[in-house]
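Asks: sequence below, structure please.
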Amino acid sequence: MKICFLAGSNSVHSHKWINFISNMGHEVIWISLYPTSIKIPDNIEYHEFTHGILSSIYKVRKLISKLNPDIVHIHYLGYNALLGLFSGAKNIISTPWGSDVNFGKKFFFKRLILSKILKKSKLFTCDAYFMREELKKFDVPHDKIHIINFGIDSEKFSKQERNLNVLKKFNISDEPTIISLRNFEPLYDIKTLIHAAQIVLKEIPTVRFLLVGKGTLEKELKKKVQSLGISNSVHFTGFIDNQLLPSLISSSDIYVSTSLSDAGIAASTAEAMSCEVPVVVTDTAENDKWINDKVNGFLFSIKNHKQLAKILIYLIKNQTLRSKVGKEGRNVIVNKNDYKNEMKKVNDLYLNFYNNYINV
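Replies: Model (predicted):
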């Protein structure tokens with residue numbers, strides 16, 4: 001089967017999904033509006049258009065007409081929805097990621113594009129039940145929507161021994177370490193974690209915080225840390241290679257996500273759970289469907305830095321509880337969010353789609 005993906009190659013989620021499908025033996029074409037920082041495998045025909053949306057629409061339509069894929073699969077319904085809408089493709093599968101629908105529906109033009117691409121699509125996948133409900137508001141039939149989690153590699157992300165060589169880079173040895181893996185954008189509300197850190201450090205000065213990521217708010221967040229006088233305890237790590245992440249996560253004692261919204265469980269949260277690190281995450285979207293509070297993780301209210309600090313202090317002082325919660329967290333991920341199992345569901349979906357819509 002020949003499958004064309006309209007997906008940003010600046011996302012690791014796209015790479016994981018598309019690489020797996022390519023390795024299943026399908027002929028894969030990948031079109032991205034963003035440059036990639038990750039090597040594209042030789043068995044994938046990759047095209048990158050980064051010089052304006054109007055030019056890209058024309059080039060993509062011409063390319064799809066020439067290559068004639070059996071399926072065009074759109075990931076993230078932003079500009080990719082425009083590409084799909086004017087691509088001339090007849091067999092379209094759409095996968096919204098959350099913010100593309102949640103924020104897009106608020107603006108007339110974006111909502112219009114969303115409505116048209118959803119009407120044009122024949123099948124849908126999403127990784128959250130609330131997203132399925134959002135799609136149904138656009139008159140998408142219930143039986144056309146399939147819940148497929150992006151999944152994480154539970155073999156790669158598994159508990160490892162504390163890596164002192166990794167921690168030394170951030171001047172950490174045996175200090176209690178709290179890690180965040182969310183980028184420095186408004187959606188992820190890192191300020192709440194920073195304010196919680198100030199409270200935690202007043203009671204337990206030895207704690208260290210690792211803020212892994214990048215984003216438009218980085219300078220502002222660094223100034224906030226400095227103004228609060230906690231620069232020696234809060235480390236901005238910058239980009240961390242994905243191959244190093246399992247070791248860095250496993251070397252941490254607690255994971256925190258202060259995100260204001262998620263579609264399904266965040267990949268970084270799932271990765272931490274898979275490494276048996278207890279997670280403390282905002283009680284938003286469907287996090288409560290993954291986190292049984294105080295059993296396999298902890299939930300706190302959005303923007304409530306005092307509640308977050310209280311939970312962190314409690315966990316830091318209870319190593320046995322951290323170990324128990326971490327093990328429960330891994331069990332959930334292995335059983336419900338393993339990458340290979342989820343991608344096999346996707347492959348079956350493609351095969352059924354081909355037999356029902358194309359090979360008839």
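Asks: and the helices in the stretch 101-250 of the chain?
Replies: Remark: helices assigned in the stretch 101-250 of the chain by DSSP state H, counting those that start in this stretch are 108-120, 129-136, 164-168, 190-203, 218-227, 245-250.
Asks: ok, which of the ones you listed comes nearest Asn355?
Replies: helix 108-120 (20.8 Å; CB to CB). C-beta here means a position set from N, CA and C on the backbone, and glycine is covered the same way.
Asks: alpha carbons only: can I get the closest one in PDB?
Replies: Output of helix 108-120 as PDB, limited to C-alpha atoms (Å, rounded to 0.1, in the frame of the first residue of the first chain):
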ATOM      1  CA  PHE A 108     -13.900  31.600  11.900                       C
ATOM      2  CA  PHE A 109     -11.300  30.900   9.100                       C
ATOM      3  CA  LYS A 110      -9.700  28.000  11.000                       C
ATOM      4  CA  ARG A 111     -13.100  26.600  12.000                       C
ATOM      5  CA  LEU A 112     -14.100  26.700   8.300                       C
ATOM      6  CA  ILE A 113     -11.000  24.800   7.200                       C
ATOM      7  CA  LEU A 114     -11.500  22.300  10.000                       C
ATOM      8  CA  SER A 115     -15.100  21.700   9.000                       C
ATOM      9  CA  LYS A 116     -14.200  21.200   5.300                       C
ATOM     10  CA  ILE A 117     -11.300  18.800   6.000                       C
ATOM     11  CA  LEU A 118     -13.300  16.800   8.500                       C
ATOM     12  CA  LYS A 119     -16.100  16.500   6.000                       C
ATOM     13  CA  LYS A 120     -13.700  15.400   3.300                       C
END
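Asks: now find how far off-centre that helix is within its chain.
Replies: Centre-to-centre, helix 108-120 and its host chain are 24 Å apart (CA atoms, centre = their mean, to the nearest Å).
Asks: and it, what does it pack onto?
Replies: When contacts are defined as 3 or more CB pairs under 8 Å, 6 or more residues apart in numbering; DSSP states H and E, helix 108-120 packs onto helix 79-85, strand 92-95.
Asks: so for it, what gets flagged as buried?
Replies: By 16 or more other CB atoms under 10 Å, the buried positions in helix 108-120 come out as Lys110, Ile113, Leu114, Ile117, Leu118, Lys120.
Asks: which of the helices and strands packed on helix 108-120 is buried the deepest?
Replies: Of all those, strand 92-95 has the most neighbours on average by mean count of other CB atoms under 10 Å, namely a mean of 25.
Asks: neighbouring strands for it, and are they parallel or not?
Replies: strand 71-75 (parallel), strand 123-126 (parallel) (DSSP bridges).
Asks: low-confidence ranges, this protein, go.
Replies: 103-104, 359-360 (pLDDT under 70).
Asks: give the other helices and strands that the biggest helix by length in the chain contacts.
Replies: Identified as the longest helix of the chain according to DSSP state H is helix 319-336. Under the contact criterion of 3+ CB pairs under 8 Å, 6+ apart, helix 319-336 touches helix 267-274, helix 305-316.
Asks: how about residues contacting it?
Replies: Contacts with helix 319-336, where a contact means CB atoms under 8 Å, 6 or more residues apart in numbering, come from 149, 152, 154, 158-159, 253-254, 270, 272-279, 290, 292, 294-298, 315.
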